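**Student:** Got a predicted model here, sequence first, then my questions.
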Amino acid sequence: MDKTANQAKHKKIGLMGGTFDPIHHGHLVTAEEARFQFNMDQVIFIPAGIPPHKSKKNVSHPSHRLEMTRLAVGSNPHFTVSDVEINRHGLSYAIDTVDLIREEYDGWEIYFITGADAVLEILTWKKVEELLQKCCFVAATRPGFRLESLGERLIKLHPAYSARIKTLEVPALAISSTDIRLRVQQGRPIKYLLPEAAEEYLYRHGLYK
Ligand code: NAP
């Protein structure tokens, strides 16, 4: 990629990190809301290759998750998909991804968008202090999640970190990948929970049976 094309002051990029097994409308609404609220110019969806805290066999093959993500985000001109974590050997550490994006998007402010539950584990992530210096986090919450308590928990984690972690309430996150997988297994409908193209893909490839 031509680095100079991405050199810009005050530009903001969102990295939408997740397993996306499968991607659903809750993820898409989260990314769009984060883009709007934090004035991001672009959001890159980055399906995790091997998420650090999960075993490989519990997660669908990366090529399926990547393809469903591509199919799902296609219609939004502000969204793109990157296979950087999927093509990297070993575990998908956020710090490695952020370092790579910093090289390509010189001078852009970086936001790492993901689920609040994942963010609450951040103290266990690789090079967490460096990571929080290099990017801000947007922690998306599901309905019923007590935002005040998240704030308190984040401050307890580390007072200095809390300012670098923004919260975002997303009612559409009532949809979850776990529920979609269970529904497919039980033969219950998943229509309208995820983009049609991703739904067709997962049935065509017999995922979650
Ligand atoms: P997860 O444990 O599968 O998900 C935790 C919760 O967050 C779930 O409720 C999940 O809902 C939700 N979620 C996940 N991604 C989301 C997103 N982009 N937007 C809104 N909600 C989201 O977490 P994960 O997906 O494996 O990991 C999340 C991200 O953190 C990934 O990019 C992963 O690589 C990164 N991570 C990095 C490290 C590290 O660097 N050491 C360690 C752990 C995780 P759904 O199931 O519905 O998505």
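**Tutor:** Yes, it's here.
**Student:** Pull the contacting residues for the residue of the chain found nearest the ligand.
**Tutor:** Relative to the ligand, the nearest point of the chain is Gly115 (1.8 Å; Cβ to the nearest ligand atom). Every residue, glycine included, has its C-beta placed from N, CA and C. With contact taken as Cβ atoms under 8 Å, 6 or more residues apart in numbering, Gly115 is in contact with 18, 139-141, 173.
**Student:** got the residues you listed as CSV, with neighbour count columns?
**Tutor:** Output for the contacts of Gly115, formatted as CSV (neighbours: other Cβ atoms under 10 Å):
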residue, neighbour count
Gly18, 22
Ala139, 23
Ala140, 28
Thr141, 20
Leu173, 22
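**Student:** Quick one: find the helix or strand in this structure with the lowest mean pLDDT.
**Tutor:** Taking mean pLDDT, DSSP states H and E as the measure, the chain has helix 3-6 as its least confident helix or strand, at a mean of 61.
**Student:** ok, back up a step: same list, the contacts of Gly115, but only the ones touching the ligand.
**Tutor:** Counting by Cβ under 6 Å from any ligand atom, 18, 140, 173 from the contacts of Gly115 sit close to the ligand.
**Student:** immediately after whichever strand or helix holds the second one, which helix or strand?
**Tutor:** Under DSSP states H and E, the secondary-structure element containing Ala140 is strand 136-141. Read in the C-terminal direction, the helix or strand following strand 136-141 is helix 147-157, with elements assigned using DSSP H and E.
**Student:** That next one and the ligand in contact?
**Tutor:** No: applying Cβ under 6 Å from any ligand atom, one finds helix 147-157 separated from the ligand by no less than 12.4 Å.
**Student:** List of residues touching that helix?
**Tutor:** 116, 119-120, 122-123, 139, 141, 161-162, 165, 167, 169.
**Student:** on that earlier part again, strand partners of the strand holding Ala140, parallel vs antiparallel please.
**Tutor:** Strand 136-141 sits in its sheet next to strand 109-115 (parallel), strand 165-169 (parallel), going by DSSP bridges.
**Student:** Using JSON lines, please lay out these together with distance to Leu131 and mean pLDDT.
**Tutor:** Listed next are the strands paired with strand 136-141 as JSON lines, based on distance: least, Cβ to Cβ, whole Å; pLDDT from 0 to 100:
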{"stretch": "strand 109-115", "distance to Leu131": "8", "mean pLDDT": "97"}
{"stretch": "strand 165-169", "distance to Leu131": "11", "mean pLDDT": "92"}
